[in-house]
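Participant: need a structure here:
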Amino acid sequence: MCKRKKVKEKKVIYYSDILNDDFAGTNIHSKPIDKNYKYIRKNIVWRFFARLLYLLVLPIISFYEAVLLGVRFKNGRAVRKLKKACFLYGNHTAIIDAYTSPVLSGLRGVKVLANPDAVSIKGIRTFVQMLGALPVANDYITTKNMLAAVEYYYKKGDNIAIFPEAHIWKYYTGVRPFKDSSFYYPVKLNAPVVAFFTAYSKPTGLFRKLKKADITVYVSDPIYPDLDKPLKIAQRELRNKVYAFMKEMSEKHSDYAVIEYVYKGKKD
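Facilitator: Sure, this is the predicted structure:
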């Protein structure tokens, strides 16, 4: 286990619910996602421009992550080596996490299960949808539509990115608990799973004084569901393997806490 390095003037955030507290700080008024939301786009014109937009944006976000932010990838080619689409599961510590899944996916393309905030901003809502955001539903009928979209796009050849922690905790170095519900999809579709973990370490290099932390994304080898076991058990096993990978990467490599998260009821 790596020893957490001290950060000067560390910011402290107090939380009360590790599963549901969100510290993204976007202050976006979410537009409700209901049964009328159009998850699946079959219109050929829409699909053409969505693909064109993705191809135009991909090199921009790749440049932004690799050059401007200095993000490094370990085993990043594991995703592109796959001959079929996969499900990507990552920890959620920044708004730019959504950029990582396209960088890992490359030309294949990716759909990202996202907070409804992502498609609630007027003026860019359509662009966000074209780039692959699938807002998470919160009622039975809309959830069925979302599940149908996940299956539809996966079978079309898109990777599907999911952040099982659900909420953003900026620069968090650990792994928060998450449920196995989102692992239903790869079991049902017999799809490979690739986990990735964004780790934070002490800034190094020429521009170290300009960075809050060095960022490295660690990528697992593909993990396959055990179809010989009942669905619920296979789900749980996938979840446990993804969690174990993230936990190992956290303990080995994520040792620089820019922000300290403290439980409100914790005594000093």
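Participant: Now do the strands in the stretch 51-200 of the chain.
Facilitator: 72-74, 87-90, 110-114, 133-135, 159-162, 193-201 (DSSP state E, counting those that start in this stretch).
Participant: Quick one, which of those strands gets closest to residue 252.
Facilitator: strand 193-201 (8.3 Å; C-beta to C-beta). All C-beta atoms are positioned from the backbone trio N, CA, C, and that covers glycine.
Participant: Pull the residues that contact stretch 196-212.
Facilitator: Applying C-beta atoms under 8 Å, 6 or more residues apart in numbering, the external contacts of stretch 196-212 come out as 5, 70, 88-91, 93-94, 97, 100, 104, 171, 173, 175, 213-220, 245-246, 249-250, 253-258.
Participant: Return the set of buried residues in stretch 128-147.
Facilitator: Buried residues in stretch 128-147, counted by 16 or more other C-beta atoms under 10 Å: 128-137, 142, 145-146.
Participant: Revised request: answer the last question for stretch 230-247.
Facilitator: If you call a residue buried by 16+ other C-beta under 10 Å, then stretch 230-247 has these buried ones: 234, 235, 236, 237, 238, 239, 241, 242, 243, 245, 246.
Participant: part of a strand, is the fourth one?
Facilitator: No: note on residue 237: no strand contains this position according to DSSP: H, G, I helix; E, B strand; the rest coil, which reports helix.
Participant: TSV please, covering the buried residues of stretch 230-247 and showing pLDDT.
Facilitator: Below are the buried residues of stretch 230-247 laid out as TSV (pLDDT from 0 to 100):
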residue	pLDDT
234	96
235	96
236	97
237	97
238	97
239	97
241	98
242	98
243	98
245	98
246	97
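Participant: quick one: which of these is nearest residue 63?
Facilitator: Closest to residue 63, out of all of the buried residues of stretch 230-247 and judged by C-beta to C-beta, is residue 246, at 26.8 Å.
Participant: What separation is there between residue 78 and residue 103?
Facilitator: Residue 78 is 13 Å from residue 103, where distance means C-beta to C-beta, to the nearest Å.
Participant: same deal with residue 187?
Facilitator: On the measure of C-beta to C-beta, residue 187 and residue 103 end up 26 Å apart.
Participant: repeat for residue 110
Facilitator: 9 Å.
Participant: Neighbour count: the two, which is higher?
Facilitator: Higher neighbour count among residue 110 and residue 103: residue 110, with 25 against 21, using other C-beta atoms under 10 Å.
Participant: Leaving aside the residues adjacent along the chain, what's closest to the more buried one?
Facilitator: Leaving aside its sequence neighbours, residue 110 sits nearest to residue 159 (C-beta to C-beta, 6 or more residues apart in numbering; 4.2 Å).
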